[in-house]
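Novice: Okay, structure incoming, though there's no sequence with it:
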């Protein structure tokens, strides 16, 4: 059966789940991956399955996708049970209510009465169609379900037991202990369930004024997934399934507890010795003190999170306060609630600088946060550009200082958390060609016209360049390295396959792909401590390597429905550093998977080449002074 985009993504999520078995990771870090897997699966049913759910229910491909999700859920349940034993060795236990003392039961009864019951919704079972997406419910009744109890979102799913360090009890178990606090009648049955609703916005919004209505309509998204605990009464199951309009295989029955995202609290509270040691990293202190002076010496490239994301924040903060800076332009996709770059734009506008931001209001699951930032920007004098026809996914920050333009271009979001957990590439430049294209990009979108760039690429020109370069490498001495999150564009897949069949070396570093490739094409996936997020392409070009980076994945939507940016790395030193990073990932035998055309994959763990270790990067790849800093040579610091 042909691999679908949905099944390919689920294979990536299975690799995430695989990390729970890595004995070279501390136990709490392995547990963290269980929470990441659970969060990813929720997102899959909320967004990634929507096309198949709406158009392909009943197909063999759809059945294969559902079969994979069920199989992963079984593996996750077994992993959770195994973790209970591992956690016990650390002195951490999740107790049943039978293991609580009488005094503890009284305390938690009071907690339920004071903190939980007033915030808990109880609805009649007939209103099952009104269940909220991803909320945890309990169905209650006797012969048939009569009530649904929704656990409040703001209450932790697992609670620490006062006076017993490392001891917890699940909120769901406590509700079973005191159903009288929520129901007027005594019930004989109490079972966990939850639903996932599709969260897509059904229409492309044309401006910010359209976005609130689009978000409100999302609350009524169709239910794509019903999850119930093992032991759920069959008659109840069928009653609820039919009411939600789901098919039999769209119901997932797993051992309790449901919604394993709650394990993240156990990880956060756990002892430091059971987690990764703090990361030693380059803080680029001298760059942060004088970023423009450093960029004047040449392009600066940084590899996050190994080299601190604070350098990007410092660049923005310095631009906001520097009297010589007169204008700033920025793209923002995922902002988060606390963002130094966004705050710097506000500070710059209040200082009288000309500041405009292309804030993407349609960033999935971040729409409301971005709406809040749009209000804050407007009320502070920042011009918020009209939402363009396509989603703006480019990563670009442009500054005009003393008549000289500077730019930051990168592969990652301007998001403080992601900047410290995702593996991305940043480049600071005053290249006349690149900064001119950056200004053209903003001017075009502000004017409502399509950007026409001379050096960088956007839209269909990205795909065209990749195809041209792959075809040029179609000879025995050719070599292409393509690093994406997702590689699903059929034309690029075909060109990569043709290149490999010509005798050239084609290396893919990807999360997912739909390809059926020849053995000459080598596909790998890196799953480790940090999320590999950079998009980088390298072509041998008769021995004179050409390197491009950008915000885009090789997917049709990146070329047709998004404003992405692809930029060349021209400085020989920075180009060499990026090539070293790519080669280190191709050699990795600690965090990598070999992906084959038939869908099978082999993990490579336990070796000696770890591309995500910091020490080799300090010693040989990006040793101080940092490349491109010239007289602004950096000293190494230690951070969290």
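Specialist: Yep, that arrived. Only a predicted model underlies this, so the values are computations on that prediction, with no experimental measurement involved.

Novice: residues in contact with residue 466?
Specialist: Residues in contact with residue 466 (C-beta atoms under 8 Å, 6 or more residues apart in numbering) are 482, 492, 495, 537, 554. C-beta coordinates here come from the backbone N, C-alpha and C atoms, glycine included.

Novice: Taking the residues you listed together, which two end up most distant?
Specialist: Greatest spatial distance in those: 495 and 537, 12.2 Å, computed using C-beta to C-beta.

Novice: re the thing from before, quick one: the contacts of residue 466 as CSV, columns for distance to residue 356 and pLDDT too.
Specialist: Listed next are those as CSV, based on distance: C-beta to C-beta, whole Å; pLDDT from 0 to 100:
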residue, distance to residue 356, pLDDT
482, 34, 97
492, 33, 94
495, 37, 95
537, 30, 98
554, 30, 93
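
Novice: Strands - which of those land there?
Specialist: Judged by DSSP state E, those include 482, 537 as members of strands.

Novice: of residue 495 and residue 537, who's got more company?
Specialist: The neighbour comparison of residue 495 against residue 537 (other C-beta atoms under 10 Å) goes to residue 537, with 25 against 22.

Novice: any idea how far residue 459 is from that one?
Specialist: Distance, residue 537 to residue 459, using C-beta to C-beta, to the nearest Å: 16 Å.

Novice: burial measure for residue 127, as a count.
Specialist: 11.

Novice: wait, isn't it in contact with residue 148?
Specialist: Yes: judged on C-beta atoms under 8 Å, residue 127 makes contact with residue 148 at a distance of 7.3 Å.

Novice: Buried residues, the helix or strand where residue 443 lies. List them.
Specialist: Using DSSP states H and E, residue 443 sits within helix 432-447. By neighbour count on 16 or more other C-beta atoms under 10 Å, the buried set for helix 432-447 is 434, 435, 436, 437, 438, 440, 441, 442, 444, 445.

Novice: Need the residues you listed in TSV (columns: distance to residue 469 and pLDDT).
Specialist: Shown next, in TSV, are those (distance: C-beta to C-beta, whole Å; pLDDT from 0 to 100):
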residue	distance to residue 469	pLDDT
434	19	97
435	24	98
436	23	98
437	19	98
438	23	98
440	23	97
441	22	97
442	27	97
444	25	96
445	27	93
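
Novice: in this protein, which segments are predicted with low confidence?
Specialist: Applying pLDDT under 70 to the chain flags the ranges 1, 185-188, 200-206, 216-220, 280-281, 514-518, 614-640.

Novice: quick one, longest helix in it?
Specialist: Looking across the chain with DSSP state H, the single longest helix is helix 60-89.

Novice: So which other helices or strands are in contact with it?
Specialist: Contact here means 3 or more C-beta pairs under 8 Å, 6 or more residues apart in numbering; DSSP states H and E; on that basis helix 60-89 packs against helix 5-18, helix 27-43, helix 50-55, strand 93-95, strand 251-254, helix 263-269.

Novice: These: which one's closest to residue 486?
Specialist: Taking C-beta to C-beta, helix 5-18 is the member of these nearest to residue 486, at 7.8 Å.

Novice: Residue 336 versus residue 347, what's the distance?
Specialist: Separation of residue 347 from residue 336 (C-beta to C-beta) stands at 17 Å.

Novice: Which residue, other than its chain neighbours, is closest to residue 522?
Specialist: In space, and not counting its chain neighbours, residue 522 is closest to residue 507: 5.1 Å by C-beta to C-beta, 6 or more residues apart in numbering.

Novice: residue boundaries of the helices in the stretch 201-350 of the chain?
Specialist: Per DSSP state H, counting those that start in this stretch, the stretch 201-350 of the chain carries helices over the ranges 211-218, 234-244, 263-269, 285-289, 291-296, 310-321, 340-350.

Novice: Select, out of the ones you listed, the one closest to residue 172.
Specialist: Minimum separation from residue 172 across those (C-beta to C-beta) falls at helix 263-269, 13.8 Å.

Novice: And the closest one, what's buried?
Specialist: Within helix 263-269, the residues that count as buried by 16+ other C-beta under 10 Å are 263, 264, 265, 266, 267.

Novice: Count residues in the vicinity of residue 20, would you?
Specialist: Close neighbours of residue 20, defined as other C-beta under 10 Å, add up to 24.

Novice: OK, contacts around it?
Specialist: 30, 31, 33, 34, 37, 79, 83.

Novice: Torsion angles phi and psi at it?
Specialist: Per-residue torsions, residue 20: phi -70, psi -10 (degrees, to the nearest 10).

Novice: Please report how far it lies from residue 113.
Specialist: Plainly put, residue 20 is 37 Å away from residue 113 if you go by C-beta to C-beta.

Novice: gap between the longest helix of the chain and the chain center?
Specialist: Its chain's C-alpha centre lies 21 Å from the corresponding centre of helix 60-89 when counted by C-alpha atoms, centre = their mean, to the nearest Å.

Novice: Report the separation between residue 251 and residue 73.
Specialist: Noted for residue 251: a distance of 12 Å to residue 73, by C-beta to C-beta.
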